[in-house]
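>>> Need coordinates for the following:
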Amino acid sequence: MNQEKITELENKINNDYSNITGMVVLKDGKTVYENYFNECNDTSRIHVYSVTKSIISILIGIAVDKGYIKSINQKVLDFFPDYIVKKREKTIQNVTLKNLLTMTAPYKYKVVVPYIKYFTSDDWVKFTLDLLGGRGQIGEFKYTPLIGPDILSGILVKATGQSVLDFARENLFSPLGITVESNVIFHSKEEQLEFNKSKNISGWVADGAGVNAGGWGLTLSAIDMAKIGQLYLAGGMWNEKQIVSTSWIDESIKEHSRWGKINLAYGYLWWVIDEKEHTCAAIGDGGNVIYFNAKEKIVVSIVAFFRQNVKDRIEFIKEYIEPIFKKA
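Have a look, this model is predicted:
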């Protein structure tokens, strides 16, 4: 490894990506770089925001593999038979799990997203169901940072009979040696703001009903995230055990939709950077990233404190990190 290049990389981090708290690089399944910043270390747990969505994607895949969910083409409302559809609503009845996984479900809000009402609701699943549908077209890409993926959390609870965190612990986290200690429930705005800045809370945010958030709210370490990336490179295998099926992995990182605004393909809650090379990423606010490149057998995980308008992390990885470790 070229130490001079490593020093240049770390200077770049300190100067241009200074909210990074930890970074791990795996090459051929082995750790070739691991370092921490901002007084963090390998035990630090940081809120990884929308990386949570990609964890939900894996859990849906496991639930399908185990037969808890028959098909992602099932209608969302199949899992909520007691939900009362509003009068004249004709769209929600036809929304499928696949629409939620590919961000192609319509919602009733357009420009102004009702975040405050969402955060102060005790039942994020029902709150989101109430916004699902409307006059939008099923099949059109509409990225929903917060309000949307919670329905998938609700479906996991309904289908498995377990909380999302318990199901994740049993089928994903424990096999990979990932520890997520408890639910995190906010009682005030101040608690939520403190959570976003914390580096030592191991948990997953849940609503008042105990359902874990689907689009945000999970805290992980850089090593945890690297393990998830390596799981994808290995086709769902970990320590000779099939954690999630290869068929789910393959399908979840194909292009199923595309955000035209930024011309970026989307799989099942994973961003598809380069489909031919199987280069994909889970990306969260602040520049939290799980990135893997199947052709180069490289995984890069970056954990970072929240900061608005951070520089493009994928560009950072491809321009500054991959060239150093391709030949490691």
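
>>> Quick one: residues contacting residue 217.
47, 52, 184, 204-206 (CB atoms under 8 Å, 6 or more residues apart in numbering). The C-beta positions use only the backbone N, C-alpha and C, and glycine is treated the same way.

>>> tell me which of those residues is nearest to residue 142?
residue 52 (18.5 Å; CB to CB).

>>> And residue 61, its phi and psi?
phi -60, psi -40 (degrees, to the nearest 10).

>>> which ones are touching it?
244-245, 248-249, 252, 268.

>>> and for the helix or strand hosting residue 4, what are the contacting residues?
Per DSSP states H and E, residue 4 falls inside helix 3-16. Here helix 3-16 makes contact (CB under 8 Å, 6+ apart) with 20, 23, 33, 35, 37, 311, 316, 320-321, 324.

>>> List only buried entries from those.
For these, a burial check counting by 16 or more other CB atoms under 10 Å picks out 20, 23, 33, 35, 37, 316, 320-321, 324.

>>> Let me see the backbone angles for the spatially closest residue to residue 244 that is not a sequence neighbour.
Spatial nearest neighbour of residue 244, excluding adjacent residues (CB to CB, 6 or more residues apart in numbering): residue 236 at 4.2 Å. Backbone torsions for residue 236, taken as degrees, to the nearest 10, come to phi 90, psi 0.

>>> Isn't residue 162 up against residue 168?
No - Residue 162 is beyond contact range of residue 168, at 9.1 Å (criterion: CB atoms under 8 Å).

>>> Those two: which has the busier surroundings?
Set side by side, residue 162 and residue 168 give different neighbour counts by other CB atoms under 10 Å, the larger being at residue 168 (23 against 16).

>>> so which helix or strand takes in the more buried one?
helix 164-168.

>>> Only alpha carbons, please: show that helix as CSV.
The C-alpha trace of helix 164-168 is given here as CSV (Å, rounded to 0.1, in the frame of the first residue of the first chain):
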residue,chain,number,x,y,z
VAL,A,164,-38.3,-5.4,12.6
LEU,A,165,-35.4,-5.2,15.0
ASP,A,166,-36.0,-8.7,16.4
PHE,A,167,-36.3,-10.1,12.8
ALA,A,168,-33.2,-8.3,11.8
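
>>> What count of nearby residues applies to residue 47?
For residue 47, using other CB under 10 Å, the count is 29.

>>> now do residue 271
Neighbours of residue 271 under the rule other CB under 10 Å: 22.

>>> now swap in residue 263 and tell me
7.

>>> for this structure, what spans make up the strands?
20-27, 30-36, 46-47, 182-184, 203-205, 219-220, 237-238, 241-242, 257-259, 264-266, 271-274, 279-284, 288-293, 298-304 (DSSP state E).

>>> Out of the ones you listed, flag the one nearest residue 151.
Per CB to CB, nearest to residue 151 of those: strand 203-205, 16.0 Å.

>>> ok, residue 324 - contacts?
Neighbours of residue 324 in contact, by CB under 8 Å, 6+ apart: 1-2, 5-6, 9.

>>> Would you mind measuring from it to residue 274?
Here the criterion is CB to CB, to the nearest Å. By it, residue 324 lies 19 Å from residue 274.

>>> now residue 45
Plainly put, residue 45 is 30 Å away from residue 274 if you go by CB to CB.

>>> More neighbours: which of the two?
More neighbours surround residue 45 than the other of residue 45 and residue 274, with 22 against 13 (other CB under 10 Å).

>>> ok, what's across the strand from that one?
Note on residue 45: beta-bridge partners residue 200, judged by DSSP bridges.

>>> Run through this structure and note the low-pLDDT ranges.
Residues of the chain that meet the criterion pLDDT under 70 lie in 1, 111, 327-328.

>>> In the protein, mark out all the helices, start to finish.
3-16, 51-65, 97-101, 115-119, 124-131, 150-160, 164-168, 174-176, 189-197, 222-233, 246-252, 313-316, 322-325 (DSSP state H).

>>> tell me which strands and helices the fourth one is in contact with?
Which is helix 115-119. If you count contacts as 3 or more CB pairs under 8 Å, 6 or more residues apart in numbering; DSSP states H and E, helix 115-119 packs onto helix 124-131.

>>> Report the angle between the helix it packs on and helix 150-160.
Angle of helix 124-131 versus helix 150-160, following axes from the mean of the first three to the mean of the last three CA atoms, to 10 degrees, is 120 degrees.

>>> In CSV, could you pull the C-alpha coordinates for helix 124-131?
C-alpha atoms of helix 124-131 as CSV (Å, rounded to 0.1, in the frame of the first residue of the first chain):
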residue,chain,number,x,y,z
TRP,A,124,-45.9,6.1,11.2
VAL,A,125,-47.2,3.2,9.2
LYS,A,126,-50.8,4.4,9.3
PHE,A,127,-49.7,8.0,8.8
THR,A,128,-47.9,6.9,5.6
LEU,A,129,-50.7,4.7,4.4
ASP,A,130,-53.0,7.8,4.7
LEU,A,131,-50.6,9.6,2.2
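
>>> Tell me the spatial nearest neighbour of residue 296, not counting adjacent residues.
residue 326 (5.5 Å).
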